[in-house]
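Chemist: here is a sequence with its predicted model. Questions after.
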Amino acid sequence: SNIGRTTLSNAPGPTNETSRYGSLLVNLNWGATVASLQILNDEYGDYYGAHHYLPPNDDRLANEQRFVTGRIAHDLTFSDTLRANLRVEAWRHEQSSDLFLFPAGIMGLKDPYYLEQSLDEARYKAAADLYWQPHARHQLLFGLEAGRAEMLKPPTERWDTNRDRRMLSALVQDQFRMTDRIDLTATLRLDDYSDVGAFASPRLAGVWRLNDRNILKLQYARAFRPPSFHDLEYPDGDPVKASIVTTYEMGYILKQPRWEARLTAFNTELERPVTVAYGGVGFINSADAELRGVELELQWNITRDLKLDANVSYVDARRLDTDEMLEGGTDLLANLALLWRPVAGWTTALQTRYVGERARADYDPRDPLPDYILLDLTFQYRPSPTGPYATLGFKNLADTEFAYPDQSFVGPRRFMPDDYPRLGRQAWLSAGYVF
């Protein structure tokens, strides 16, 4: 039982992972003008429950999200060295939910308690980019962007109905080829948000082609994540601030006629990452963290119709205040995939994924969750870029037992004894048509 009282809980039992997904993608080209429309509709169950009380096993679609994006872009060519891109975009997000919160018997409830919510938010954007190439080795980019985001319908009556933000952005990028083998790129983006302040996002990158087979890459980048409307509406204490991500990367690429290998070392600094507060009652800026690691990738064309993709990564992710590993994370990941095209139009993919031990939250004294290996298999039929296509897949083909770590944020008194067990073997089918 997830609360230790079997008469009040649906646990142990299966999670409600019913889902239904649909999409429509339309692109229209007319000369230098491109118009696009994207509609995504996603319906799904309430999984482990909004408050971590297991919902009934009724295959109910408890959540629905719809994203509609419309975009028009136009290219202008003034000369061989000067061109521009103008674009406008509108984005709409509607969400409705009927979430299972508490079973009957909790807090004197005679019947299970469900919470109905809905929201409607929109975002509008206009942007212009100017590309200037004064020299064959030198290209400059200047960009301007203005946007507005607003909450058209808040999820509750207690929401701040005036929640909206205006965004202004400016970008300058300089790409310079010093020699036939050395490229340098410098970028600076300035963003001003009406509700959370202004931010600068610089980026420096360099590429050195030692020869046709050996390439070195260096990069420094700094970016920010503004708090969402939900973050701002439900702070646990102080107002939620923007989080900052600073990344340093050094990479080496080795190219051969039939295979290519990449080795990347990275260091990522997270300042004020936004997380759920202890107790699950709001959002906070948690302690700074640092991730240091290395990743090795391999792409190998074994034959014309058989390809291997593999990668393995090691990362040491720690909170800077306690030097403890970040909860829920692992230090070792690996993937291996084989893609086989036996005949034209048919593709078979076999993928295996290894996930190492996952760290517990600092208030959870239990041992880390054990590592596991998953095996997936897919068959796809796509005879041409346009027309019908279909994919048949099997997830967790070996029926491996594994679980996600307990991150319910309710504290040490209510551990999920079996964490969050995941599904065993599953089959799925997808079909579509490209016009």
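Modeler: Arrived safely, thanks for sending.

Chemist: quick one: stretch 129-141 to chain centroid distance?
Modeler: The chain centroid and the centroid of stretch 129-141 are separated by 32 Å under C-alpha atoms, centre = their mean, to the nearest Å.

Chemist: who touches that stretch?
Modeler: With contact meaning C-beta atoms under 8 Å, 6 or more residues apart in numbering, stretch 129-141 is reached by 81-85, 142-143, 171-178. From N, CA and C alone the C-beta is placed, and that goes for glycine too.

Chemist: neighbours of residue 307, just the number please.
Modeler: Residue 307 sits with 19 neighbouring residues when counted by other C-beta atoms under 10 Å.

Chemist: quick one: residues contacting the spatially closest residue to it that is not a sequence neighbour.
Modeler: Spatial nearest neighbour of residue 307, chain neighbours left out: residue 339 (4.6 Å); criterion: C-beta to C-beta, 6 or more residues apart in numbering. Going by C-beta under 8 Å, 6+ apart, residue 339 touches 306, 307, 308, 309, 347, 348, 349.

Chemist: got any ranges where the stretch 1-150 of the chain has weak pLDDT?
Modeler: Filtered on pLDDT under 70, the stretch 1-150 of the chain yields the residue ranges 1-10.

Chemist: what pLDDT is listed against residue 434?
Modeler: pLDDT, residue 434: 82.

Chemist: then residue 279?
Modeler: For residue 279, the pLDDT comes out at 68.

Chemist: using the three-state scheme, assign the residue nearest to residue 307.
Modeler: Under DSSP: H, G, I helix; E, B strand; the rest coil, the three-state class of residue 339 is strand.

Chemist: report the beta-bridge partners for it.
Modeler: Judged by DSSP bridges, the bridge partners of residue 339 are residue 307, residue 349.

Chemist: swap in residue 247?
Modeler: Beta-bridge partners for residue 247, by DSSP bridges, are residue 221, residue 268.

Chemist: kindly report the same for residue 21.
Modeler: Beta-bridge partners recorded for residue 21 (DSSP bridges): residue 42.

Chemist: okay, now it: neighbour count?
Modeler: Around residue 21 there are 10 other residues, counting by other C-beta under 10 Å.

Chemist: residues contacting it?
Modeler: 40, 41, 42, 43.

Chemist: of those, keep whichever come out buried.
Modeler: Neighbour counting with 16 or more other C-beta atoms under 10 Å marks residue 43 as buried within the contacts of residue 21.

Chemist: compile the contacts of residue 21 into TSV and extend it with columns for distance to residue 278.
Modeler: Compiled in TSV, those are given as follows (distance: C-beta to C-beta, whole Å):
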residue	distance to residue 278
40	34
41	35
42	30
43	32
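
Chemist: just the closest of the contacts of residue 21 to residue 198, please.
Modeler: residue 40 (31.6 Å; C-beta to C-beta).

Chemist: if we can go back for a sec, and the furthest pair within the contacts of residue 21?
Modeler: Farthest pair in those (C-beta to C-beta) is 40 and 43. Separation: 11.1 Å.

Chemist: any shared contact partners between the two?
Modeler: Residues within reach of residue 40 and of residue 43 at once, by C-beta under 8 Å, 6+ apart, are 21, 65.

Chemist: now list the buried members of the contacts of residue 339.
Modeler: Using 16+ other C-beta under 10 Å as the burial test, these include 307, 347, 349 as buried.

Chemist: residue 381: which of those residues is nearest?
Modeler: Nearest to residue 381 out of the buried ones among the contacts of residue 339 is residue 347 (C-beta to C-beta; 8.1 Å).

Chemist: that closest one contacts residue 341, doesn't it?
Modeler: Yes: assessed by C-beta atoms under 8 Å, residue 347 is found in contact with residue 341 at 5.3 Å.

Chemist: so what sits against both of the two?
Modeler: Common neighbours of residue 347 and residue 341, counting by C-beta under 8 Å, 6+ apart, are absent.

Chemist: follow-up on the earlier one: which ones among the contacts of stretch 129-141 are found in strands?
Modeler: Among the contacts of stretch 129-141, DSSP state E puts 82-85, 142-143, 171-177 in strands.

Chemist: could you list the buried residues of the helix or strand containing residue 119?
Modeler: In this structure, residue 119 sits in strand 113-135 according to DSSP states H and E. Buried residues in strand 113-135, counted by 16+ other C-beta under 10 Å: 113-114, 119-123, 125, 127, 129-131, 133.

Chemist: pull up the pairing partners for that strand, direction included.
Modeler: Partners of strand 113-135 in the sheet, by DSSP bridges, are strand 82-102 (antiparallel), strand 138-153 (antiparallel).

Chemist: Throw those strands into a markdown table and include mean neighbour count, thanks.
Modeler: Below are those laid out as a markdown table (neighbours: other C-beta atoms under 10 Å):
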| stretch | mean neighbour count |
| --- | --- |
| strand 82-102 | 16 |
| strand 138-153 | 16 |
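
Chemist: residue 375: which of those is closest?
Modeler: So among the strands paired with strand 113-135, strand 82-102 is nearest, using C-beta to C-beta, at 32.3 Å.

Chemist: if we can go back for a sec, now the strands paired with strand 113-135 in TSV, with distance to residue 187?
Modeler: Shown next, in TSV, are these (distance: least, C-beta to C-beta, whole Å):
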stretch	distance to residue 187
strand 82-102	17
strand 138-153	8
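
Chemist: out of those, which is closest to residue 54?
Modeler: Nearest of the strands paired with strand 113-135 to residue 54, taken as C-beta to C-beta: strand 82-102 at 8.5 Å.

Chemist: the residue lying closest to residue 220 once chain neighbours are set aside: what secondary structure?
Modeler: Spatial nearest neighbour of residue 220, excluding adjacent residues (C-beta to C-beta, 6+ apart): residue 204 at 4.7 Å. Here residue 204 is strand, with the state taken from three-state DSSP.

Chemist: hey, where'd the helices end up in the stretch 201-350 of the chain?
Modeler: Secondary structure of the stretch 201-350 of the chain (DSSP state H, counting those that start in this stretch): helices located at 229-233.

Chemist: just the strands in it please.
Modeler: Applying DSSP state E, counting those that start in this stretch to the stretch 201-350 of the chain gives strands spanning 214-225, 243-255, 259-271, 274-276, 283-285, 289-301, 306-319, 332-340, 346-355.

Chemist: would you point to the one among these that's packed deepest?
Modeler: Among the strands of the stretch 201-350 of the chain, strand 283-285 has the highest mean neighbour count (mean count of other C-beta atoms under 10 Å), at a mean of 20.

Chemist: fine by me, we can end here.
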